[in-house]
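Engineer: Sequence first, then the predicted structure:
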Amino acid sequence: MKKQNAFTLMELLIVVAIMSLLAIVVLVGLKPAQRLADARDARRAQDINQIVTGVMSCAIDKKDSASLTTCLGTNTTAKTYEVVSVGTSSGCNNTCVGVSGTGDCLPLSTTLTDYFTSLPVDPNNTVSGHTGYSLTRYANNMIVVEACAAEGGTIKVSR
């Protein structure tokens, strides 16, 4: 009788089981959901830097650093507003919990048209006209822009 060289069914099942366990360990170790959240937070940080840079560039170009009213429009000092597109005037405290009133919207899409083709929008934002970013102007004309839905902790930039 001639002996055949081949794998038995049991050997193949054991190899498949070991490969499956290794694949599970690698996928759990990589934490894909965390990596996606980190990528969205990096985009948020880039977006708020763009907004701050746009406002400050406007203030320099328009010689508006004393009040920022040309670049930001009418707003109250030390009050937090959600940055929105023109035409959006409600629901701002739904997207950004730091915004106190539903009408505390700050439309920047027209005042900053020279600095943005379109306003940056949060990667998870699904509400049309809303950006998911808030802005606060203080008495010394320092502005703070914050990502409302940051997943890994607070993301804010001030200048």
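Structural biologist: Ah, there it is. The shown structure was predicted, so the numbers you read here are calculated from the model rather than taken from an experiment. Numbering: from 1, shown residues only.
Engineer: Can you give me the distance of Cys71 to Ala139?
Structural biologist: According to Cβ to Cβ, to the nearest Å, Cys71 stands 17 Å off from Ala139. Where C-beta positions appear, they are placed from N, C-alpha and C, glycine not excepted.
Engineer: These two: who's more crowded?
Structural biologist: Neighbour totals were compared for Cys71 and Ala139, and Cys71 leads with 23 against 7 (other Cβ atoms under 10 Å).
Engineer: Please list all residues in contact with the more buried one.
Structural biologist: Listed by Cβ atoms under 8 Å, 6 or more residues apart in numbering, the contact set of Cys71 reads 55, 58-59, 62, 64, 111-112.
Engineer: Can you add neighbour count and give these back as TSV?
Structural biologist: Formatted as TSV, those follow (neighbours: other Cβ atoms under 10 Å):
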residue	neighbour count
Val55	24
Cys58	21
Ala59	20
Lys62	14
Asp64	17
Thr111	21
Leu112	18
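Engineer: need these in TSV with distance to Gly98, pLDDT and secondary structure, can you?
Structural biologist: Output for those, formatted as TSV (distance: Cβ to Cβ, whole Å; pLDDT from 0 to 100; DSSP: H, G, I helix; E, B strand; the rest coil):
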residue	distance to Gly98	pLDDT	secondary structure
Val55	18	92	helix
Cys58	23	91	helix
Ala59	23	90	helix
Lys62	27	88	coil
Asp64	25	78	coil
Thr111	21	85	coil
Leu112	21	88	coil
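Engineer: any idea which of these is closest to Ala42?
Structural biologist: Val55 (21.1 Å; Cβ to Cβ).
Engineer: roughly how far apart are the closest residue to that closest one other than its chain neighbours and Val25?
Structural biologist: Closest residue to Val55 apart from its sequence neighbours, by Cβ to Cβ, 6 or more residues apart in numbering: Cys71 at 5.4 Å. Between Cys71 and Val25 the computed distance is 53 Å (Cβ to Cβ).
Engineer: Done for today, thanks.
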